[in-house]
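Asker: here's a sequence, model it:
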Amino acid sequence: FGPAQSPSGASVAAPPMKNADGGLAEAPKPWGRLLCLCVVCSVCSGILPGQALFASMFAAEGTFQSTCPAETNATHPGDGACKEQLVSITAVFQTGSTLATSFLAPIGIMYDRWGARTTGVAGAAMCAIGFCLVWVSF
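Answerer: The predicted structure follows:
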């Protein structure tokens, strides 16, 4: 990629950035932001990336055990998981992953329209409301 070009074909360059002293400012380095983004996404991603590990753990604890055939529960209660149980647990994880992915475009539109601060505050408010709903449900 080279410098941008105008419709007439002339090269168009962005004006240089100035610092507080009036001298030329150094261009921002994106690597720090990228590293911060990777750390935040890793810490805040929840349990969806560990789906395979957590599905077997939830199955071992009896989550969705009611989906197993009666003869499986009678012969091996709490001993491993049946196929139907793992399919049900995996469906819950897949639904969460699909919902998380489907909100990427609207969040991007919000970010472009209103900026990072407004989008971040709206996201934090939604997370707080969700945590309160979970807290109230117990």
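Asker: and the particular helix or strand that has R113 in it, what does it pack onto?
Answerer: Using DSSP states H and E, R113 falls within helix 104-114. With contacts taken as 3 or more Cβ pairs under 8 Å, 6 or more residues apart in numbering; DSSP states H and E, helix 104-114 sits against helix 116-137. Quick note: C-beta positions are derived from backbone N, CA and C, even for glycine.
Asker: which positions in the helix it packs on come out as buried?
Answerer: Neighbour counts over helix 116-137 (16 or more other Cβ atoms under 10 Å) mark T119 as buried.
Asker: and T63, what element?
Answerer: T63 belongs to no helix or strand, assigned by DSSP H and E.
Asker: how close does it sit to C132?
Answerer: Separation of T63 from C132 (Cβ to Cβ, to the nearest Å) stands at 24 Å.
Asker: same thing with C82?
Answerer: C82 sits 35 Å away from C132 when distances are taken as Cβ to Cβ.
Asker: coming back round to it: the helix holding R113: how far from the chain's middle?
Answerer: Relative to its chain's centre, helix 104-114 lies at 14 Å (Cα atoms, centre = their mean, to the nearest Å).
Asker: in that helix, which residues are buried?
Answerer: Within helix 104-114, the residues scored as buried using 16+ other Cβ under 10 Å are M110.
Asker: quick one: mean pLDDT for it?
Answerer: Helix 104-114 carries an average pLDDT of 89.
Asker: show me where this structure has its helices.
Answerer: Using DSSP state H, the helices found in the chain span residues 30-43, 51-60, 70-75, 83-102, 104-114, 116-137.
Asker: mean confidence score for the second one?
Answerer: The average pLDDT within helix 51-60 is 83.
Asker: no further queries at this time; thank you.
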